[in-house]
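Engineer: need a 3D model of the sequence below.
(3 chains)
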Amino acid sequence: MGRAADRPISAQTLASAIGAKYHGSAEATISGVASLETATSSELSFLADTRYRGRAEASLAGFLLVRDEFVSMGSSIKLVHPAPHLAFAKALEILFPVAPVVPGVSARAVVDSTATVDGAEIRGNASVGRQSVIGVGTVIHSNASVGDNVTIGRDCVIRPGVSIYDGCVIGDRCIIHSGTVIGADGFGFQPTASGWVKVAQVGRVIIGNDVEIGSNTSIDCGAIEDTVIGNGVKIDNLVQIAHNCRVGDHTAIAGCAGLAGSTIVGARCMIGGGAMLTGHMTVCDDAVISGGTLVSSSVTDPGRITGVFPSLPHRDWMKMAATLRRSIKK
Amino acid sequence: MGRAADRPISAQTLASAIGAKYHGSAEATISGVASLETATSSELSFLADTRYRGRAEASLAGFLLVRDEFVSMGSSIKLVHPAPHLAFAKALEILFPVAPVVPGVSARAVVDSTATVDGAEIRGNASVGRQSVIGVGTVIHSNASVGDNVTIGRDCVIRPGVSIYDGCVIGDRCIIHSGTVIGADGFGFQPTASGWVKVAQVGRVIIGNDVEIGSNTSIDCGAIEDTVIGNGVKIDNLVQIAHNCRVGDHTAIAGCAGLAGSTIVGARCMIGGGAMLTGHMTVCDDAVISGGTLVSSSVTDPGRITGVFPSLPHRDWMKMAATLRRSIKK
Amino acid sequence: MGRAADRPISAQTLASAIGAKYHGSAEATISGVASLETATSSELSFLADTRYRGRAEASLAGFLLVRDEFVSMGSSIKLVHPAPHLAFAKALEILFPVAPVVPGVSARAVVDSTATVDGAEIRGNASVGRQSVIGVGTVIHSNASVGDNVTIGRDCVIRPGVSIYDGCVIGDRCIIHSGTVIGADGFGFQPTASGWVKVAQVGRVIIGNDVEIGSNTSIDCGAIEDTVIGNGVKIDNLVQIAHNCRVGDHTAIAGCAGLAGSTIVGARCMIGGGAMLTGHMTVCDDAVISGGTLVSSSVTDPGRITGVFPSLPHRDWMKMAATLRRSIKK
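Structural biologist: Numbers count the residues shown, from 1 in each chain, chains lettered A, B, ... in the order given. Just a heads-up that it's a prediction; the model follows:
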């Protein structure tokens, strides 16, 4: 059930490459990686969270990446590292190397003659507009659309079906997954007697370095000024980021969360899945918003904010809801 | 307001084709289908849910698909079947036949020379990567992107703008609607002093047979092992399925629902619209999660789980919320 | 931090063009627009909401669009208009003119020979199917897919990566943002002993005039009859509109909201971000649904409906939840 590496690797070599102390035979080779539950005698797994110690003890993994305290657990060969999960991430990069970028423009891409794409790889059915600049080592995958006057930095990966509107700016080493839309018009309308009047959205989206954005996420351009995503921000799938939001460095936003217009989120925050921030508010640095929580006023203290009751069997819940309603009507 | 069939059909012939008993004249022809409220004297409608009996009695439909007990209701011609909704589904297939697949690769598609696409239809602006295998009778619509080493079974429909990442496996007779993304990287990062470190996501997405997935849905690849969608699973629009999830056979997931990482859902479950499962949990077979409910711990008994209070006029709700807060502060 | 216009404009000329009274020197020129906080001496900002009066007083903006009552506030040049926000919207249109449509079909588009596209602009990597009709002045951007028998009116903008299924009808002056899917199959299945049976979805999506739809939104076709979006409706990003819904004229739906099947929403409603309407219900004209609220029964009176408790620091919330559970068990 694990994943086989392209070719086996000497366990000792791998240990050395990831900075782990190696406790095994010089001849042993690792064929791939797997979870503790499914790993076999030629596969590497890891124990990072002590709560899973029991699983590690029961594991059939031939190789285990562990902290020093577990070096003598069971009979597997140990690779010892103070941060096993980080070391495992490094091992994955070695075992599953990313294919190198092949600079060049596919004859089947549509790239405007005024765009700068030297050193980038533009695949078939991709589109790049006027005056846009794509950095060295960046890949624009098939069926992705880059508008006019867009700047994308070096070593980015723009996956199939991504749309980037005119004028947006993306830093270096960013990854944007399929279906994500950067820079669409914010939801800006003025009411009149004859209906809504559109307010042109003339700001851009500015994305820092080392940002990863999941699939089918929407980040709207600013109304006047820019929507800004800081360095090192990680955004999951199906996230809504409305116009004029600012997301501070290294903040992580989980799937299906939504930031309404002009939400200012600090640095190193964590926003849980499905959380909604209702806009025109500020969230301070280091705040944690629980999944599913609706936040309707500014968050001024670091720490966790919650707003969802735990679910119950339907009958119990309905009883609770009815009692709550009655107790309040007294 | 109904929908006209491409050409009228003999009502008797249709009844026979769908296995219904026919109670009408041999010459009668059906021109199309409509709801009970809008159907005219040449259109077919149906009564499946007895709660709509009043609507059926008031209907001007010339033809009604009903259970035996309603055979003498009103003056319309009856087509009698023990399961009217299923029989109606069959009638739709006859009245609105799907255009046959036309195998071949459009000159305007971008298909890698190492891909196997014999018997499949690859439309203009579609992309198919290296070593991928597309089954006989499958259609890859315009602007869909299929990565490298992807396997798609027979008689699938991959709609415009779908993105399927490298290595994913899709069974037979699957339908994937536009904008859906299969196999993007899971949201896997490790915290360090200098920010988040990406953990390569090396698993795949494995999708069974007879699966239908709505539009703009995201199903991430596994971190190490695979994200697995069972046979006969039906997933609606804008659904988030994070890395390492497993969804059991014949489970249905409604729009805007989210499964966080490592959620294991059993067979034949029904997950309501907007429900959120917070991850690292198990939902047993035959569970029903109400719409909008956040589930944060494993569900061990079949039956319905709920976690949302019914909404109220704003003033009443705010009064209730304030009273609740006060009562608790005592 | 503001946005510079393509070229400076005489302030007096601009005032006259937007119908504002001008209180300044005839030589003054405006270089661009900015928010009150960041505007400089050559930039235009506006004060529409009296709550921001303090910001306007502190602003360094050289030009302010205000109501008559604020004409003598501070030292900036005033453009006076009874509806500053609307006048500002007009100013944006003048300062940031939209590039004119260039009718013609890119040699890199895939347009079926039976489609009618005279006077429309079809960009590279776009796809237009059989018998479809695209109106004069409409732009189909790169990597957008228009199916067969689709009708799109005049002066529409169909952004990159939009997918429009066969048979859908879109009015005049509509804007559809990237990643949005119009007309995918509704979520219609019938349970049987051997799993779900698909019920063909034969209705269409009919969209009125002057509709704007954000990015990554899904509007499903009707099961039998049509899903209908009225004139002047504004829909934000990541919104789910299921089969058979009808949305009345000039209703606005914010991001991440969801309408389950057969939800009938009246005219001029406002549906907040993340709100969920559970389907088979009616919402009357002029209703307001608060963000994050789940509505599970029909709304018969205009006014606001709410269903979310304000979030709290986690510890307080958990205490409240526990007390609630206990009080009810008595």
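Engineer: mind giving me the domain split of chain A?
Structural biologist: A:3-95, A:104-305 (automatic domain parsing).
Engineer: so which of those is the most packed in?
Structural biologist: Comparing these by mean neighbour count (mean count of other Cβ atoms under 10 Å in any protein chain shown), domain A:104-305 comes out on top with a mean of 23. Quick note: C-beta positions are derived from backbone N, CA and C, even for glycine.
Engineer: that one: how far from the chain's middle?
Structural biologist: Centroid displacement of domain A:104-305 relative to its chain, using Cα atoms, centre = their mean, to the nearest Å, is 12 Å.
Engineer: with distance to C:Lys21 as added columns, please give the domains of chain A in TSV.
Structural biologist: TSV is the format used below for the domains of chain A (distance: least, Cβ to Cβ, whole Å):
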stretch	distance to C:Lys21
domain A:3-95	63
domain A:104-305	20
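Engineer: looking at the ones you listed, which is closest to chain C?
Structural biologist: domain A:104-305 (3.5 Å; Cβ to the nearest Cβ).
Engineer: and the end-to-end length of the closest one?
Structural biologist: 48 Å (Cα to Cα, to the nearest Å).
Engineer: export the domains of chain A to CSV and tack on mean pLDDT?
Structural biologist: Listed next are the domains of chain A as CSV, based on pLDDT from 0 to 100:
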stretch, mean pLDDT
domain A:3-95, 96
domain A:104-305, 98
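Engineer: would you turn those domains into a markdown table with distance to chain C?
Structural biologist: Conversion of the domains of chain A to a markdown table gives the following (distance: least, Cβ to the nearest Cβ, whole Å):
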| stretch | distance to chain C |
| --- | --- |
| domain A:3-95 | 21 |
| domain A:104-305 | 3 |
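Engineer: for C:Asp220, find the nearest of these.
Structural biologist: domain A:104-305 (16.2 Å; Cβ to Cβ).
Engineer: picking up where we left off before, between the domains of chain A, which one is closest to B:Gly266.
Structural biologist: Checked against Cβ to Cβ, the stretch from the domains of chain A lying closest is domain A:3-95, at 18.1 Å.
Engineer: mind naming the longest helix for chain A?
Structural biologist: helix A:314-329 (DSSP state H).
Engineer: how much space between the closest residue to chain B within the stretch 201-330 of chain A and B:Ser296?
Structural biologist: Here the stretch 201-330 of chain A gets closest to chain B at one residue, A:Ser311, 3.0 Å apart by Cβ to the nearest Cβ. As judged by Cβ to Cβ, to the nearest Å, A:Ser311 and B:Ser296 stand 7 Å apart.
Engineer: residues in contact with the nearest residue to A:Ser142 once chain neighbours are set aside?
Structural biologist: Leaving aside its chain neighbours, A:Ser142 sits nearest to B:Ser127 (3.7 Å; criterion: Cβ to Cβ, 6 or more residues apart in numbering or on different chains). Counting by Cβ atoms under 8 Å, 6 or more residues apart in numbering or on different chains, B:Ser127 touches A:Arg123, A:Gly124, A:Asn125, A:Ser142, A:Asn143, A:Pro160, B:Ala109, B:Val110, B:Val111, B:Ala144, B:Ser145, B:Val146.
Engineer: can we see that at 10 Å?
Structural biologist: A:106, A:108, A:123-126, A:141-143, A:160-161, B:109-112, B:115, B:140, B:143-147, B:163 (Cβ atoms under 10 Å, 6 or more residues apart in numbering or on different chains).
Engineer: which residues do A:Ser311 and B:Ser296 both contact?
Structural biologist: B:Met276, B:Leu277, B:Gly307.
Engineer: those residues in strands, which ones?
Structural biologist: B:Met276, B:Leu277 (DSSP state E).
Engineer: circling back: the residue of the stretch 201-330 of chain A closest to chain B touches B:Val288, doesn't it?
Structural biologist: No. Under the criterion of Cβ atoms under 10 Å, A:Ser311 makes no contact with B:Val288, lying 11.6 Å away.
Engineer: so who does A:Glu43 touch?
Structural biologist: Per Cβ under 10 Å, 6+ apart, neighbours of A:Glu43: A:1-5, A:30-35, A:59-64, B:224.
Engineer: name the residues linked to it by a beta bridge.
Structural biologist: Judged by DSSP bridges, the bridge partners of A:Glu43 are A:Gly32.
Engineer: which neighbours do A:Ser311 and B:Val288 share?
Structural biologist: B:Ala275, B:Val299, B:Arg304, B:Ile305, B:Thr306.
Engineer: let me have the residues you listed in TSV, extended by distance to chain A.
Structural biologist: Putting the shared contacts of A:Ser311 and B:Val288 into TSV (distance: Cβ to the nearest Cβ, whole Å) gives the following:
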residue	distance to chain A
B:Ala275	9
B:Val299	9
B:Arg304	4
B:Ile305	5
B:Thr306	4
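Engineer: tell me the one of these nearest A:Ile9?
Structural biologist: B:Val299 (41.2 Å).
Engineer: return the distance of that closest one relative to C:Ala321.
Structural biologist: Taken as Cβ to Cβ, the span from B:Val299 to C:Ala321 is 19 Å.
Engineer: now A:Ala107
Structural biologist: Taken as Cβ to Cβ, the span from A:Ala107 to C:Ala321 is 61 Å.
Engineer: quick revisit: which residues does the residue of the stretch 201-330 of chain A closest to chain B contact?
Structural biologist: A:317, B:275-277, B:289-290, B:292-297, B:299, B:304-308.
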